[in-house]
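Q: Below are the sequence and a predicted model; questions follow.
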Amino acid sequence: MAQPKDTIIYNCHTHTFTIDHVPNLFGKKLVPLAYQIITMKLVKWYYLKLTERSSKYRKWKQKYNKVKYFIIDVLKFTIVGYWIFSMLFFTLKWALKIVSNVLAISHFFGPQSKAAYRRFVNLGRYASYSKQGQSKVFDLLEKTYDQNTKFVVLPMDMDYMDAGKPTISYMKQLEELLKVTKNNKESLLPFVFLDPRRIAETCDLKGIDCYENYVIRNLSKNVFYGIKMYPALGYFPFDKNLIETYKFAQEHQIPIITHCIEGTVFYRGKKKKEWNNHPILKYTKNKNQDPVSIPLPQKKNYDFTTNFTHPLNYHCLLNKELLSEYIGEEIDLSKLKICLAHFGGTKEWNRYSEDNWNNYNNNISHLSKNDYLNRKIKNTLNHGSSRTIWWNASWLSIIYDLMIQYDGVYTDISFIIFNQELFPLLKFLLQDEKVSHKILFGTDYYVVSQKNSEKALYQNLRSYLGDDLFFKIAHDNPKKFLSTSYNSY
């Protein structure tokens, strides 16, 4: 079925930030000892000076090739000389290949470091667009799709991740994004980033210098169309400094997209003592003792920052009783409209599929909502110890239950879309009436380009799902998610 002329495709998860918006010491905690050397500035310099993106490098390579082929042409007159040169050149290339394989990065670094390396390479590829900035990055994205497409663009505020400062600050990044938006009003839907530390830091300032005021004012004026969050940068999503903005968002049905997957972008500073236990979730060791907080003993940044991203935190945010006890007054945010981006991640999908023994990872089914909520089989929100659920339930299972329990919870398939092995389970979920209306199309451009090209991601998914299911997640569901009291689609 061809796309109807009036059917708009919505890509609900894209990025246009550049290498200049990434903290200079991004490699901290990922490439120990070397992060002071392998900085964002060095990566950018390398790609601008020593790759095909550099005009000087291309000229040098052309001269090198001229000399090389001139020597070959001369030596062709003497067969012996030609073969000696050819064998010598072949031997040198063969030796360099062996050395590069022996010194391959995979032999020396763990998974997180290799993931960081891929992220460095990916950022570097876009370094040459730093002069044109986000405008060029968005232009490349837009050309991949049909004209009748809209893109949710999510900025990134990495100023508080304790990895140094970016070349261009977050607020300047926003200014640039809004300039790009003015030139692409029909296709670009910018969101605004929400970090409780920026709110706390500016709370005593007047007017829009107070970041909370800035966010609320620009959301109410349709300058921004929603909120972006990234708890892995060092905060829980139920942070008390976020509550007032949440109240506004709930009242006006402002969409929130929050990071819910493991990744290489996370807090780089030291773990704080208060992060050793969960602020809200408790469990009972035995019948004779009062409940105690769930321990969170991880030490490495990559490990303990997943505690901020864990989907059970959104049960804490949306459950009236849990949140009211934590805040110290009655508060109900159960109607927040919030998308748990990336659907938990490929690792958690595989964890669900491979675990045949844990009841918490056997919950996905096509039962009706009423039958599902009333059955005796364990789900991840209200059966058993919260500590057991926290550690044993896959994030896919938890997000699935959150979508069923709370009307405003959505998810998107950004980044994980590269893994076509997940497509059968995705299709099964899209045939489940309990959640099929809450799954959104998104790619995570350009971050996901380290895995596959944007056009391949889009075309492969659409071909596999067929137009009916694809338009459901790329048109029907996004229209409902993105609509607010200020704007409807």
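A: Nice, thanks for sending it over.
Q: Pull out the buried residues from stretch 385-405.
A: Residues of stretch 385-405 classed as buried under the neighbour-count rule (16 or more other C-beta atoms under 10 Å) are 385-390, 392-405. Every C-beta, even on glycine, is put in place using the N, C-alpha and C of the backbone.
Q: Hmm, I typed the wrong one, I wanted stretch 41-51.
A: Using 16+ other C-beta under 10 Å as the test for burial, stretch 41-51 gives 43-44, 46-48.
Q: What of stretch 408-418?
A: Buried residues in stretch 408-418, counted by 16+ other C-beta under 10 Å: 408-418.
Q: Now distance to V265, secondary structure and pLDDT too, for those, in JSON lines please.
A: Converted to JSON lines, these look like this (distance: C-beta to C-beta, whole Å; DSSP: H, G, I helix; E, B strand; the rest coil; pLDDT from 0 to 100):
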{"residue": "G408", "distance to V265": "25", "secondary structure": "coil", "pLDDT": "98"}
{"residue": "V409", "distance to V265": "23", "secondary structure": "strand", "pLDDT": "98"}
{"residue": "Y410", "distance to V265": "22", "secondary structure": "strand", "pLDDT": "98"}
{"residue": "T411", "distance to V265": "19", "secondary structure": "strand", "pLDDT": "98"}
{"residue": "D412", "distance to V265": "17", "secondary structure": "strand", "pLDDT": "98"}
{"residue": "I413", "distance to V265": "19", "secondary structure": "coil", "pLDDT": "98"}
{"residue": "S414", "distance to V265": "14", "secondary structure": "coil", "pLDDT": "96"}
{"residue": "F415", "distance to V265": "12", "secondary structure": "coil", "pLDDT": "92"}
{"residue": "I416", "distance to V265": "16", "secondary structure": "helix", "pLDDT": "95"}
{"residue": "I417", "distance to V265": "18", "secondary structure": "helix", "pLDDT": "94"}
{"residue": "F418", "distance to V265": "17", "secondary structure": "helix", "pLDDT": "94"}
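Q: Looking at these, spot the one nearest N277.
A: V409 (25.5 Å; C-beta to C-beta).
Q: now the strands: where do they sit in the protein?
A: Secondary structure of the chain (DSSP state E): strands at 9-14, 149-153, 188-190, 192-193, 227-229, 256-259, 277-283, 292-295, 338-341, 409-412, 439-440.
Q: tell me the most buried of these?
A: strand 338-341 (a mean of 28; mean count of other C-beta atoms under 10 Å).
Q: who's in contact with it?
A: Applying C-beta atoms under 8 Å, 6 or more residues apart in numbering, the external contacts of strand 338-341 come out as 12-13, 255-261, 311, 314, 318, 399, 402, 408-412, 414, 440, 442, 481.
Q: rewinding a little: show me the buried residues of stretch 385-405 that map onto helices.
A: Using DSSP state H, 386-390, 392, 395-405 are the members of the buried residues of stretch 385-405 that sit in helices.
Q: Which of the buried residues of stretch 41-51 fall in helices?
A: Using DSSP H, the buried residues of stretch 41-51 in helices are 43-44, 46-48.
Q: Please convert the residues you listed to CSV, extending it with pLDDT and distance to I331.
A: Compiled in CSV, those are given as follows (pLDDT from 0 to 100; distance: C-beta to C-beta, whole Å):
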residue, pLDDT, distance to I331
V43, 75, 44
K44, 76, 45
Y46, 72, 50
Y47, 70, 48
L48, 71, 50
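Q: Identify the farthest-apart pair in those residues.
A: V43 and L48 (9.6 Å).
Q: where in this structure is pLDDT low?
A: Along the chain, the model assigns pLDDT under 70 to residues 1-5, 31-35, 50-58, 60-61, 64, 75-76, 82, 99-130, 376-378.
Q: Could you report the neighbour count for the closest residue to Y160 other than its chain neighbours?
A: With C-beta to C-beta, 6 or more residues apart in numbering as the criterion, Y160 has its nearest non-adjacent residue at 4.7 Å, and that residue is R197. Neighbour count for R197, taken as other C-beta atoms under 10 Å: 17.
Q: mind listing what R197 touches?
A: R197 touches 160, 234-235, 241, counting by C-beta under 8 Å, 6+ apart.
Q: Of these, grab the buried ones for ChimeraX.
A: To isolate the buried members of these in ChimeraX, using 16+ other C-beta under 10 Å:
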select :160,234,235,241
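Q: I'd like the contacts of R197 as TSV, with distance to N301 appended.
A: As requested, these are arranged in TSV below (distance: C-beta to C-beta, whole Å):
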residue	distance to N301
Y160	14
G234	10
Y235	14
N241	22
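Q: measure N370 to T305 for me?
A: As judged by C-beta to C-beta, to the nearest Å, N370 and T305 stand 38 Å apart.
Q: again, but for L333
A: In this view, L333 and T305 are 23 Å apart by C-beta to C-beta.
Q: Please apply the same query to G408.
A: Noted for G408: a distance of 25 Å to T305, by C-beta to C-beta.
Q: ok, for L461, nearest residue in space, not its chain neighbours?
A: Spatial nearest neighbour of L461, excluding adjacent residues (C-beta to C-beta, 6+ apart): I417 at 5.8 Å.
Q: And for P231?
A: Nearest residue to P231, sequence neighbours excluded (C-beta to C-beta, 6+ apart): F308, at 3.9 Å.
Q: again, but for Y406
A: Of all residues not flanking Y406 in the chain, L318 sits nearest, at 5.1 Å (C-beta to C-beta, 6+ apart).
Q: Tell me if I'm right that the one you found and S334 touch.
A: Yes - using C-beta atoms under 8 Å, L318 and S334 qualify as a contacting pair, with a distance of 4.9 Å.
Q: Would you mind listing the residues touching both of these two?
A: Common neighbours of L318 and S334, using C-beta under 8 Å, 6+ apart, are 406, 408.
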